[in-house]
Structure formats: structure tokens, C-alpha cells
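Trainee: sequence? don't have it. structure:
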């Protein structure tokens with residue numbers, strides 16, 4: 001059976017490669033829909049629209065192929081960070097992090113972030129989606145409707161749960177296979193300090209005040225199953241879906257206030273292509289607002305500063321920048337324990353204050369030491385594990401600006417992490433809970449002791465927090481959906497003030513979802529595609 005499947009897969013790969021070579025060699029001057037970005041949302045939009053054989057779809061991707069062992073092997077994800085598959089964005093020096101300048105990794109290549117991330121599938125909490133619905137003024141963004149979409153798109157491989165999980169969808173989701181004993185210890189430790197455990201993290205746990213569970217992962221037969229692989233790859237042999245790699249989108253083209261196409265750079269040449277129906281930006285929370293601003297959409301004063309003619313004044317473009325910030329706490333093993341799967345197999349959500357009705361803390365166990373650039377100097381054990389303990393609902397907001405009118409220039413990113421005093425208060429509670437977990441009796445058979453931070457109080461603890469802070473790489477919010485003065489898109493993801501242009505990626509989130517963001521980005525893609533299909537009868 002394995003040989004038959006391998007033979008079929010090889011045959012399909014050849015057909016897909018030959019088809020895409022033909023399509024990209026003879027690019028059309030115009031397509032029905034142009035989707036910019038083959039990441040977690042763009043892959044979904046492109047596939048759903050291409051399911052109609054009469055719709056010609058062009059999917060742009062600035063990076064290259066995902067046929068790379070560092071992408072496909074779940075254990076190798078860390079070596080993608082800082083590689084050619086990472087945009088390599090860098091935040092500005094942050095006074096709230098003792099002047100540190102954090103890297104903001106984002107995927108560059110087919111699959112986007114879903115090809116370089118830790119493969120965790122986390123749906124977002126009920127409160128997140130209900131907040132989205134309130135901000136959009138549209139109840140179909142609410143949790144109950146979103147739950148139905150999740151059930152439809154999943155192909156769940158764990159214990160059956162008809163209320164919360166679906167089977168037969170394109171997204172292969174499974175619990176971490178044969179997890180490490182250190183992951184089981186984390187669940188036991190949670191129980192010891194009064195935090196409930198759940199059979200999986202994407203059901204009742206996402207409706208409650210929190211809990212712990214073995215992580216859900218996008219891994220199939222020991223290989224990464226990115227959202228590009230789930231949605232687009234099975235469609236690469238179709239004549240109406242063209243996937244163009246190595247194509248950097250520079251700006252959206254307009255006739256008046258109507259989007260008509262895209263200008264892009266490929267092989268050193270600037271080229272344009274037209275869209276008859278719509279242009280969709282799915283470039284992520286850094287590239288999407290950057291392209292909007294280069295297209296003349298953004299804060300008028302900011303665009304004048306860099307010499308870009310204003311098309312539509314939307315002061316929220318680039319504002320509302322959010323990310324999950326975490327603080328690594330590390331324990332030393334008694335004996336080495338090799339990481340399994342992706343090296344991150346257990347997750348936990350909980351509250352910093354008992355009066356909260358939804359979790360505001362996010363914990364992700366990593367089965368090897370992960371210091372920051374500063375905390376590494378405190379001494380890192382050769383063998384150990386780290387609790388990535390972070391803020392699930394940060395209060396701080398940053399901003400993205402252009403450095404110049406040159407589309408090739410990287411943006412200026414003021415992430416502004418920990419600028420709001422509320423985040424420091426939550427971070428202290430986060431560290432306290434993290435240490436309670438890691439020092440619980442459940443871990444004693446495996447660990448020699450706590451390596452960092454140890455018993456810190458007052459200014460010493462605050463210093464550690466600011467030195468330890470790193471990002472989960474869940475950048476979001478910079479083209480937010482809503483109805484207020486800094487909203488960029490409406491509830492249908494249309495950009496305010498222009499026609500035939502939508503945004504579908506993490507930038508539209510009014511606030512970052514609780515947990516990893518690739519699953520919510522899949523929902524954003526599904527919603528965008530359905531709204532485009534409905535409006536244009538595609």
C-alpha cells in the first residue's frame with residue numbers, strides 16, 4: 001500500500017509541476033481574482049475560489065517552494081528562523097525591553113508562516129470570535145458560526161468528538177503523536193495546582209476559563225501539513241489556478257478608487273497583471289499594511305512624509321500592531337530527554353486574575369532550552385525544557401510605518417511590547433504561575449531543578465521580564481476589521497473607501513486571538529472566499 005501511494009504521489013507531483021510550469025510560462029494579462037500571499041489565509045482563499053473551474057485565480061508568493069526538508073520535517077522548524085524562508089523583519093529598539101531589538105520572523109515561501117511555525121492548531125477562544133463579531137457588527141463572525149466552519153474544514157484524527165471536531169475536511173489535525181513524558185508531566189502538574197485538563201485543546205477548553213491539553217498539530221505521517229499543502233497543493237494540476245513564486249507584490253493598481261490589478265517584481269522585472277473581479281491581500285500583518293501604504297491607502301500625513309500620493313485616508317493602516325509576548329522559564333533535566341515531534345507538545349491557557357472569565361495567559365511547553373539573547377548569559381543547561389509563558393491578550397499596541405517610498409525598503413516596526421503597565425502586571429503573574437507549574441511534584445522525576453528565573457521579586461523580576469521577553473511570531477491587527485476610526489476593513493473584509501479590494505490575513509484581527517494564529521487565519525480565509533463567491537456569484 002505504501003508503494004502504491006508513493007507512486008500516485010510521484011505521478012501527481014509531476015503533473016502538478018508540469019501544469020504550473022505551463023501556466024507560469026504563459027501568464028495571462030488578467031485573471032478573475034488575484035490573491036497576494038500563499039500563507040495560512042491566502043492558500044485558503046485561492047483554493048476555495050479555484051474550486052469553480054470557470055474562475056481563473058492567480059496566487060502570488062514572494063518566496064519559493066516548500067519542497068525543503070527543513071519545512072517538511074516537523075523537528076527542523078527552528079532552522080527556518082533567519083533563513084531565506086523568513087522575511088527577517090526586525091522591530092525597532094524598545095525602551096520597555098531594556099533597549100532590545102526583537103526579530104519578528106514571518107514565513108516567506110509557499111505556506112507562509114504555516115511552513116515555518118511550530119504546527120500548533122489552536123482555534124481561538126469563544127470570547128475572541130464573539131469580540132470579532134461585535135467589532136464587525138456581524139454575528140456571523142461569532143464563535144457558534146466559526147465552530148461550524150472548523151468542524152467542516154477539519155479532518156480530525158484524535159478521539160472522536162462529534163460536538164467539536166469534524167472529519168473529511170482538507171485540514172489534517174492530530175494530537176501530538178506519542179508525546180514526551182515531559183508533556184504528560186505538564187498536564188499532571190496543571191492538575192496538581194488546580195488547572196483542569198482536557199482531551200484536546202479545541203473543544204470545551206476554548207469555551208472555558210482555560211486548561212491544559214496535549215497540543216493539536218498539523219502533522220501527517222510524520223510530515224508537516226501546512227495550510228498550503230492542505231488546500232492548494234491538491235489543486236496544482238488544475239488549469240484555472242496559477243501559483244507564481246518569487247513574485248514580490250509592490251502595490252495594488254487603481255482606476256480611481258477601484259482596484260484593477262497588481263504591480264509585482266519578479267526576476268528583476270517590474271510587471272503588472274489585472275484582476276477582473278477582486279484583488280485580495282493575504283500578505284500578513286507586516287506586508288499587507290506596507291503594500292496598502294505603497295498603494296496610497298493609509299494615514300495621509302504618513303504617506304506625505306515619504307512622498308506617496310494619497311488615494312484613501314485610513315489612519316488605522318499599520319496601527320493596532322499586536323503579538324503574543326512570552327518569557328522563557330527553564331528547568332534542567334536529570335537525564336537528557338530527546339524532544340519528540342516538533343518539540344512542543346503540550347499547551348495551557350489560564351487566568352492571571354480569578355475574576356476574569358476567559359484566559360489571558362498562554363503557555364507552550366518546549367522540550368529544549370530556549371533563552372533570549374539576554375537571558376542566555378544567566379547560564380543555560382545543556383539539557384532541559386522551557387515553558388514559553390506569555391500574554392494571550394496583551395494591552396500594548398505598536399505601529400508600522402514606511403521608511404521611504406521605495407517598495408523594497410523594509411518597514412519601520414515599533415512593536416511597543418510591554419509599553420502598557422497592565423502587561424507588566426500580567427507578566428509578573430505569568431512568571432509566578434509558570435514557576436508553580438515547573439516546580440510541581442509531577443516534574444520531580446525528570447528535572448534537577450529550576451535554571452531560570454528562580455526566586456526573583458520586585459525590580460529583579462521586572463528586569464528578568466524585560467530581558468526575557470520574546471515573541472511568539474503571532475503578528476496581527478494592523479489592518480483591523482471594525483467600525484471605529486482606526487478600522488481598515490469592514491465586516492466583509494473590504495477595504496474602506498475603495499472597491500474590489502479585500503484583506504484576508506491576521507492583520508484584520510481586531511485583537512490577537514488566544515493561542516497560535518494559523519487556525520484563525522484559515523477561518524479568515526474561508527470567510528473571505530465565501531463572501532467573494534456570494535457577492536460575485538462565483
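Mentor: Here it is on my side, so go on. Model, not experiment: these values are computed from the prediction.
Trainee: ranges for the strands of the stretch 101-250 of the chain?
Mentor: Taking DSSP state E, counting those that start in this stretch as the criterion, the stretch 101-250 of the chain contains strands spanning 103-104, 154-156, 171-175, 211-214, 216-217, 219-220, 223-224, 241-244, 248-255.
Trainee: And those strands: which comes nearest residue 388?
Mentor: strand 211-214 (13.8 Å; C-beta to C-beta). C-beta: built from backbone N, CA, C; applies to glycine.
Trainee: What is the burial count for the closest residue to residue 315 other than its chain neighbours?
Mentor: Distances taken as C-beta to C-beta, 6 or more residues apart in numbering place residue 299 nearest to residue 315, at 4.4 Å, with adjacent residues excluded. The number of residues packed near residue 299 is 20, by other C-beta atoms under 10 Å.
Trainee: how much space between residue 299 and residue 51?
Mentor: Applying C-beta to C-beta, to the nearest Å, the value for residue 299 to residue 51 is 38 Å.
Trainee: So for stretch 337-345, what gets flagged as buried?
Mentor: 337, 340, 341, 342, 343, 344, 345 (16 or more other C-beta atoms under 10 Å).
Trainee: Determine which two of the residues you listed are furthest apart.
Mentor: Farthest-apart pair in these is 337 and 342; separation 14.9 Å (C-beta to C-beta).
Trainee: thought residue 79 was touching residue 70?
Mentor: Yes - counting by C-beta atoms under 8 Å, residue 70 is a contact partner of residue 79 at 5.2 Å.
Trainee: Among these two, which residue is more densely surrounded?
Mentor: Neighbours were counted for residue 79 and for residue 70 using other C-beta under 10 Å; residue 70 has more, 17 against 14.
Trainee: how close does the more buried one get to residue 83?
Mentor: Separation of residue 70 from residue 83 (C-beta to C-beta) stands at 7 Å.
Trainee: try residue 143
Mentor: With C-beta to C-beta as the criterion, residue 143 and residue 83 are 37 Å apart.
Trainee: Could you list the domains of this protein?
Mentor: As given by automatic domain parsing, the domain ranges for the chain are 2-67+226-320+477-536, 69-105+162-225+322-471.
Trainee: is it possible to export those to TSV including mean pLDDT and distance to residue 133?
Mentor: Listed next are the domains of the chain as TSV, based on pLDDT from 0 to 100; distance: least, C-beta to C-beta, whole Å:
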stretch	mean pLDDT	distance to residue 133
domain 2-67+226-320+477-536	96	9
domain 69-105+162-225+322-471	96	15
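Trainee: Which residue, other than its chain neighbours, is closest to residue 531?
Mentor: Take residue 531 and drop its neighbours on the chain: the residue closest to it by C-beta to C-beta, 6+ apart is residue 492, 5.0 Å away.
Trainee: Now do the same contact list for the one you found.
Mentor: Going by C-beta atoms under 8 Å, 6 or more residues apart in numbering, residue 492 touches 138, 502, 531, 535.
Trainee: Could you find the closest non-adjacent residue to the first one?
Mentor: It refers to residue 138. residue 491 (3.7 Å).
Trainee: Roughly how far does the nearest residue to residue 282 once chain neighbours are set aside sit from residue 502?
Mentor: Nearest residue to residue 282, sequence neighbours excluded (C-beta to C-beta, 6+ apart): residue 42, at 3.1 Å. Noted for residue 42: a distance of 11 Å to residue 502, by C-beta to C-beta.
Trainee: Residue 376 too?
Mentor: With the distance defined as C-beta to C-beta, residue 376 ends up 43 Å from residue 502.
Trainee: So between the two, which is more surrounded?
Mentor: The neighbour comparison of residue 376 against residue 502 (other C-beta under 10 Å) goes to residue 502, with 24 against 13.
Trainee: For the spatially closest residue to residue 499 that is not a sequence neighbour, give the beta-bridge partners.
Mentor: Leaving out its chain neighbours, the residue that sits closest to residue 499 by C-beta to C-beta, 6+ apart is residue 258, at 4.4 Å. Beta bridges link residue 258 to residue 255, residue 499, judged by DSSP bridges.
Trainee: Check residue 58 too.
Mentor: Beta bridges link residue 58 to residue 34, residue 242, judged by DSSP bridges.
Trainee: Give me the three-state assignment for the nearest residue to residue 493 once chain neighbours are set aside.
Mentor: Once flanking residues are discounted, residue 493 sits nearest to residue 502: 4.5 Å by C-beta to C-beta, 6+ apart. Assigned with DSSP: H, G, I helix; E, B strand; the rest coil, residue 502 falls in the strand class.
Trainee: how close does residue 502 get to residue 88?
Mentor: Taken as C-beta to C-beta, the span from residue 502 to residue 88 is 27 Å.
Trainee: Quick one: the strands in the stretch 351-500 of the chain, in order.
Mentor: Under DSSP E, counting those that start in this stretch, the stretch 351-500 of the chain gives strands at 361-366, 384-391, 399-401, 412-414, 447-452, 469-471.
Trainee: between those strands, which gets nearest to residue 480?
Mentor: Each of the strands of the stretch 351-500 of the chain has some distance to residue 480 by C-beta to C-beta; the shortest is strand 399-401, at 12.3 Å.
Trainee: Packing partners of that closest one?
Mentor: helix 284-294, strand 412-414 (3 or more C-beta pairs under 8 Å, 6 or more residues apart in numbering; DSSP states H and E).
Trainee: Swap in 10 Å and give it another go.
Mentor: Contacts defined by 3 or more C-beta pairs under 10 Å, 6 or more residues apart in numbering; DSSP states H and E place strand 399-401 against helix 284-294, helix 300-306, strand 412-414.
Trainee: What residues of the last one count as buried?
Mentor: Think strand 412-414. Buried residues in strand 412-414, counted by 16+ other C-beta under 10 Å: 413, 414.
Trainee: So residue 21 belongs to a helix, correct?
Mentor: Yes - Residue 21 sits within a helix when classified using three-state DSSP.
Trainee: what residues are up against the nearest residue to residue 407 once chain neighbours are set aside?
Mentor: Spatial nearest neighbour of residue 407, excluding adjacent residues (C-beta to C-beta, 6+ apart): residue 250 at 4.1 Å. For residue 250, the contacting residues are 262-265, 270-272, 290-291, 294-295, 406-408, by C-beta atoms under 10 Å, 6 or more residues apart in numbering.
Trainee: how about the helices in the stretch 301-450 of the chain?
Mentor: 421-438 (DSSP state H, counting those that start in this stretch).
Trainee: out of the strands of the stretch 101-250 of the chain, which comes closest to residue 183?
Mentor: With C-beta to C-beta as the criterion, residue 183 lies closest to strand 211-214 of the strands of the stretch 101-250 of the chain, at 6.2 Å.
Trainee: Could you list the residues in contact with that closest one?
Mentor: Residues from elsewhere that reach strand 211-214 (C-beta under 10 Å, 6+ apart): 158, 175-177, 179, 183-184, 186-191, 195-205, 345-350, 359, 363, 365, 437.
Trainee: quick revisit: could the strands of the stretch 351-500 of the chain go into a markdown table alongside distance to residue 284?
Mentor: Shown next, in a markdown table, are the strands of the stretch 351-500 of the chain (distance: least, C-beta to C-beta, whole Å):
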| stretch | distance to residue 284 |
| --- | --- |
| strand 361-366 | 20 |
| strand 384-391 | 20 |
| strand 399-401 | 11 |
| strand 412-414 | 12 |
| strand 447-452 | 32 |
| strand 469-471 | 14 |
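Trainee: ok, residue 165 to residue 202 distance?
Mentor: Computed as C-beta to C-beta, the residue 165 to residue 202 distance reads 7 Å.
Trainee: For residue 398, find the nearest of the strands of the stretch 101-250 of the chain.
Mentor: For residue 398, the closest of the strands of the stretch 101-250 of the chain is strand 103-104, at 10.1 Å, according to C-beta to C-beta.
Trainee: partners of that closest one, with directions?
Mentor: For strand 103-104, the paired strands and their directions (DSSP bridges) read strand 89-90 (antiparallel).
Trainee: quick one: contacts of the partner strand?
Mentor: The contact list for strand 89-90 (C-beta under 10 Å, 6+ apart) reads 101-106, 284, 286-287, 400, 410-413, 415, 473, 475.
Trainee: residue contacts, residue 129?
Mentor: By C-beta under 10 Å, 6+ apart, the contact list for residue 129 reads 123, 141, 142, 143, 144, 145, 146, 147, 206, 513, 520, 523.
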